[in-house]
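[1] kindly return the folded structure for what I paste below:
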Amino acid sequence: MAEISTGTNHADYVNRQQAGAQAEDRARRHLENAGLRFIAANMRVRGGEIDLIMKDQHTWVFVEVRYRRDNAFGNAAESVTPRKQRRLLLAAAVWLSRQGGSLDTSACRFDILAITGNRLEWLQNAFGASG
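    Modelled structure (predicted):
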């Protein structure tokens, strides 16, 4: 009897998930080595997620970690679209409100840590509430 494909390759999904987790671990280590303090990871709210929340002295740092195996479809940093930025801003606003703050009253910034292949690029203050 012939094998029928379900159309889903779970091994590829797990490998992508593992690659993403490894990229986030690498990003966290890089940021901690640069002096930032880890606060939380993978904070999810309806409509958005923040990969890493760090503290740089008195500034909250919301970090989007992007991984690309290569540049075939653009580098990792280019994949943070305006729509994704809005979702990150929303998630950060919710998180800050739970801490008794807001985007207007708290010192915060939005960084992108992009990993393309083995190249790591840290874009500090990559975007903000004004876009």
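[2] continuing past the longest helix seen in the chain, what's the next helix or strand?
    Using DSSP state H to define each element, the chain has its longest helix at helix 10-33. Sequence-wise, the next helix or strand downstream of helix 10-33 (DSSP states H and E) is strand 37-45.
[3] now the helix or strand just after that next one and strand 37-45, what's the angle there?
    Later in the chain than strand 37-45, the nearest helix or strand by DSSP H and E is strand 48-56. If you take axes from the mean of the first three to the mean of the last three CA atoms, to 10 degrees, strand 48-56 sits at 170 degrees to strand 37-45.
[4] need the CA coordinates for strand 48-56. PDB is fine.
    The C-alpha coordinates for strand 48-56 follow below in PDB (Å, rounded to 0.1, in the frame of the first residue of the first chain):
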ATOM      1  CA  GLY A  48       2.100  39.800  20.100                       C
ATOM      2  CA  GLU A  49       5.200  38.200  21.700                       C
ATOM      3  CA  ILE A  50       8.500  39.600  23.000                       C
ATOM      4  CA  ASP A  51      11.400  37.200  22.600                       C
ATOM      5  CA  LEU A  52      13.600  38.700  25.400                       C
ATOM      6  CA  ILE A  53      13.100  41.400  28.000                       C
ATOM      7  CA  MET A  54      16.300  42.700  29.400                       C
ATOM      8  CA  LYS A  55      17.300  45.600  31.600                       C
ATOM      9  CA  ASP A  56      20.200  48.000  30.600                       C
END
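[5] other SSEs contacting the longest helix of the chain?
    strand 37-45, strand 48-56, strand 59-68, strand 108-116, strand 119-127 (3 or more CB pairs under 8 Å, 6 or more residues apart in numbering; DSSP states H and E). Glycine gets a C-beta too; all of them are placed from N, C-alpha and C.
[6] just how off-centre is it within its chain?
    The chain centre lies 11 Å from the centre of helix 10-33; the measure is CA atoms, centre = their mean, to the nearest Å.
[7] please apply the same query to stretch 92-110.
    That offset, for stretch 92-110, works out to 17 Å (CA atoms, centre = their mean).
[8] end-to-end on it?
    Stretch 92-110 has an end-to-end distance of 9 Å (CA to CA, to the nearest Å).
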